[in-house]
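Asks: Would you be able to build a 3D model of this:
(one chain, ligands or ions: 1)
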Amino acid sequence: MEYYQYGPEWAGEGSTGMIHRIIVRMGLLIALILTGCANGDLEKTGLVKVADDVYAWIAPGPGAGDGLGANSGFIIGTEAVMVIDTRYTPELAEELLEAIRSITDVPVKYVVNTHYHPDHTWGNSVFAGVGATIISTRETRDDIEKYTPIYLSYYRDQKPQAYRQLVNVKMTLPDSLVLGRTVVDLGGISAEIYYDGPGHTAGDVFVTVPRTRTVFAGGLVSNGYHPNMSDQGVDFDNWKAILGRLATTGIDRVVPGQGMVSSPDILRKQQSYIDLVIETGKNAIRKGIALSKAATGTILPGTEGYRQENMVPFNLQAVYKKYTFDVVAPSFKLDLPEGFEVKEGSGSARNGRILWTSRSETGYSEVEVTWQPTHRVEIILQDIHDRVTDFLVANQEYEMHIAGAEDLQVGKYMALSAYGRWGYALGSGKSGSGLWEWVMFLHDGKAWAIKVSTDAGGDRDQEIVNMNDTEAAIAGMKFTE
Ligand SMILES: [Zn+2]
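Replies: Purely as a prediction, here's the structure:
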């Protein structure tokens, strides 16, 4: 596939390029000796000259006033300027435009959105206002269109303080879509835009400047920041593969989406970070650690001092979501209604649990299956009563009412089921209510418990529909041993 060959004219080159690289590296080494700093002047924030005609705008910190730590950049040709990412607000985009104007009068004709996240795209309107064509993948365009109104109304309603900075944000969609490799001639210098499949999001591109061996990596690389690995479109494997391919193309400079300009070592470092989070999460799942505990108590060795630590719980959550079922390898199949996704779980086929959740227009539902070895030969209603009581003692924000009990066929097993209504206790500060059902049976030397709850926003008919759909799926549960 053509687009796997990033910058063919400078990747895999002959000895001239190699000598050039050695000279560049010797130069860097001297710079290192002189300044005690591998990147010399590059290791600063604000406007940074990366190479002739190539600039980065490095956010000073992760705060909203600094644009959430997201970097931008620009490339200056004789005919056109290309901007890479437009910062978090129109005000911050204006600041970037002023920085460009302080260096050149060449018109900004192109903007690339490396991905859809607000801190990289919400300044788009400013550049559209000066006549720039905004370029992205279709995935990025669609995600901007889908999520911008959702995020803005979330901030407006839930975070009025943060929203004050966002009042001037106007959704501005890319108007030129790219796929694979796209070369843009800016006059005397060209930029190459690559889409190599999903990574940090479904639609990430990176931009290379072959003449200066620079890459603007967008969301694919964070330097000294915990990256966000929790986007719906994230693809851990392909993300690592993209970084691996980029690392072999002879790049000298990486402008990351967050953090300082770096040598290409950052590409391998980013791969290692992704591996570290995945392995840490998988180990926690194996050890039977619930997501809530893993998310709050985990330290990732080697990332001390990284900014944006609030990303770690989300990143682990993404690992639980993707790998729980594979790691736990439970001995059953459960085809829940559409919309249910594995949220978390832990343990093994012998002793473990899996939790699915589903959020849709018809409400929110949870199904949790737990299993543990037992020598008991029968289950009596008292078991469910005890479990419900234990649950309520441990979770005092809930109130549960037991309406009745019945037999329920689960695969070839006769299970005992209890059911009723639940609601948040007065004074818990939460509102919500719905139906619950607790199903227990014995199979393969284990006691199985399936806990279901649905909340249809108070719509009692819908509650019953949701519960019936879920119950039908449980009745069809199949065991693989
Ligand atoms: Zn991002």
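
Asks: Give me the phi and psi angles of the nearest residue to Val465 once chain neighbours are set aside.
Replies: Excluding its sequence neighbours, the residue lying closest to Val465 (CB to CB, 6 or more residues apart in numbering) is Thr362, at 7.3 Å. C-beta coordinates here come from the backbone N, C-alpha and C atoms, glycine included. Main-chain torsions, Thr362, degrees, to the nearest 10: phi -90, psi 10.

Asks: Thr362 is in contact with Asn466, isn't it?
Replies: Yes. With contact defined as CB atoms under 8 Å, Thr362 reaches Asn466; the gap is 6.2 Å.

Asks: anything in contact with each of those two?
Replies: Ala456 (CB atoms under 8 Å, 6 or more residues apart in numbering).

Asks: So between the two, which is more surrounded?
Replies: Asn466 (25 against 17; other CB atoms under 10 Å).

Asks: Which residue ranges of the protein form helices?
Replies: 15-35, 90-101, 118-121, 124-129, 138-158, 160-163, 236-247, 265-286, 291-297, 311-328, 381-394, 460-475 (DSSP state H).

Asks: Now render those as CSV, adding distance to Asp52 and mean pLDDT.
Replies: Listed next are the helices of the chain as CSV, based on distance: least, CB to CB, whole Å; pLDDT from 0 to 100:
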stretch, distance to Asp52, mean pLDDT
helix 15-35, 13, 39
helix 90-101, 15, 97
helix 118-121, 25, 97
helix 124-129, 23, 98
helix 138-158, 29, 96
helix 160-163, 39, 93
helix 236-247, 22, 97
helix 265-286, 22, 96
helix 291-297, 45, 85
helix 311-328, 35, 95
helix 381-394, 64, 76
helix 460-475, 62, 93
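
Asks: among those, which is nearest the ion?
Replies: helix 118-121 (6.2 Å; CB to the ion).

Asks: mind listing what the closest residue to Ala403 other than its chain neighbours touches?
Replies: Among residues not flanking Ala403 along the chain, Gly420 sits closest, at 3.9 Å (CB to CB, 6+ apart). Gly420 is in contact with 400-404, 435-436, counting by CB under 8 Å, 6+ apart.

Asks: repeat that with 10 Å
Replies: 388, 400-405, 435-438 (CB atoms under 10 Å, 6 or more residues apart in numbering).

Asks: re earlier: might one say that the residue nearest to Val465 is in contact with Ile464?
Replies: No. The criterion here is CB atoms under 10 Å, and Thr362 misses it with Ile464 at 11.4 Å.

Asks: what do those two both touch?
Replies: By CB under 10 Å, 6+ apart, the residues touching both Thr362 and Ile464 are 454, 456.

Asks: And the pLDDT for Ala38?
Replies: What the model reports for Ala38 is a pLDDT of 48.

Asks: try Lys478
Replies: 92.

Asks: Look up how far Trp57 lies from it.
Replies: 56 Å (CB to CB, to the nearest Å).

Asks: for Arg138, same thing?
Replies: Arg138 is 26 Å from Trp57, by CB to CB.

Asks: same check, this time on Leu47
Replies: In terms of CB to CB, Leu47 sits 6 Å off from Trp57.

Asks: Just want to know which of these two has more residues nearby.
Replies: For Leu47 and Trp57, the more surrounded residue by other CB under 10 Å is Trp57, and the numbers stand at 24 against 17.

Asks: any idea how far Tyr88 is from the spatially closest residue to that one that is not a sequence neighbour?
Replies: Of all residues not flanking Trp57 in the chain, Ser72 sits nearest, at 4.4 Å (CB to CB, 6+ apart). Taking CB to CB as the measure, Ser72 falls 10 Å from Tyr88.

Asks: just Thr303 next, same as before
Replies: For Thr303, the distance to Tyr88 - CB to CB - is 24 Å.

Asks: Over to Ile193?
Replies: Taking CB to CB, one finds Ile193 at 22 Å from Tyr88.

Asks: One more: Ser136?
Replies: 17 Å.

Asks: of those two, who's got more company?
Replies: Ser136 (30 against 26).

Asks: give me every residue that touches that one.
Replies: Applying CB under 10 Å, 6+ apart, the residues near Ser136 are 111-116, 120-121, 124, 142-144, 173-178, 193, 195, 203-205.

Asks: Beta-bridge partners for Glu341, please?
Replies: Thr357 (DSSP bridges).

Asks: number of nearby residues for it?
Replies: With other CB under 10 Å as criterion, Glu341 counts 11.

Asks: can you check Tyr419 too?
Replies: What Tyr419 shows, counting by other CB under 10 Å, is a neighbour count of 20.

Asks: now it: how far from the ion?
Replies: In this view, Tyr419 and the ion are 43 Å apart by CB to the ion, to the nearest Å.
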